[in-house]
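1. give me a model of this one.
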Amino acid sequence: MTTQTGPNLAPYAVGIRGRCPRCGEGHMFEGFLKLRPNCEVCGLDYSYADPADGPAFFVITFGCLPAAFCAVWIEAAYSAPYWVHLFTTLPLLLATCIPPLRPLKGWLVASQFHHKAAEARLVRPGEDEDDRGGW
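-> Numbering: from 1, shown residues only. Now for the predicted structure:
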């Protein structure tokens, strides 16, 4: 891993914009959700980043569930035919699920960098934390 240099940037500020968590200038994403191998400006290696299912969890919790409850309400209140759900529920689900994925993934990757989150490692007795390497 590389050492942290530069300004101490807030993870939410750089993450939701898809910028490098170290320099704030380079791009974090290569495609819609694919991370770059490293920052094109400062060279930060993004191999540490593993947000796993975190973005999907937040989108499902805060986007899909309210949209699904809305669909159930439309069905229960109006006994709506399927075409009504096609024009109401489907766009609502797509609008609440797809756009937040990238900012949430960027925020989680930037938070991992900011808090130096990594896989757990055992510290042997007498070994200092700085002796193990790291960021």
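
2. and stretch 85-102, what's buried?
-> Residues of stretch 85-102 classed as buried: 89, 92-93, 96, 100-102 (neighbour count, 16 or more other CB atoms under 10 Å). C-beta coordinates here come from the backbone N, C-alpha and C atoms, glycine included.

3. tell me the mean pLDDT over it?
-> Confidence over stretch 85-102, taken as the mean pLDDT, stands at 94.

4. run through who's touching it.
-> Contact partners of stretch 85-102, identified using CB atoms under 8 Å, 6 or more residues apart in numbering, comprise 18, 29, 32-33, 55-56, 58-60, 62-64, 66-68, 70-71, 74-75, 80.

5. same deal with stretch 49-68?
-> Contacts with stretch 49-68, where a contact means CB under 8 Å, 6+ apart, come from 33, 35, 89, 92-93, 96-97, 100-101, 104-105, 108-109, 112-113.

6. gap between that stretch and the chain center?
-> If you compare the mean C-alpha spot of stretch 49-68 with that of the full chain, they lie 9 Å apart, counting by CA atoms, centre = their mean, to the nearest Å.

7. buried stuff in that stretch?
-> Within stretch 49-68, judged by 16+ other CB under 10 Å, the buried ones are 49, 51, 54-55, 58-59, 63, 67.

8. reformat those residues as CSV; add distance to R124.
-> CSV is the format used below for those (distance: CB to CB, whole Å):
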residue, distance to R124
A49, 27
P51, 30
G54, 31
P55, 35
F58, 37
V59, 41
G63, 45
A67, 50
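
9. phi first, then psi, for D45.
-> Backbone dihedrals for D45, given as degrees, to the nearest 10, come out at phi -80, psi 120.

10. tally up the residues packed near the nearest residue to it once chain neighbours are set aside, please.
-> Leaving aside its sequence neighbours, D45 sits nearest to N38 (CB to CB, 6 or more residues apart in numbering; 5.0 Å). Taking other CB atoms under 10 Å as the neighbour definition, N38 ends up with a count of 15.

11. any idea how far N38 is from D53?
-> As judged by CB to CB, to the nearest Å, N38 and D53 stand 24 Å apart.
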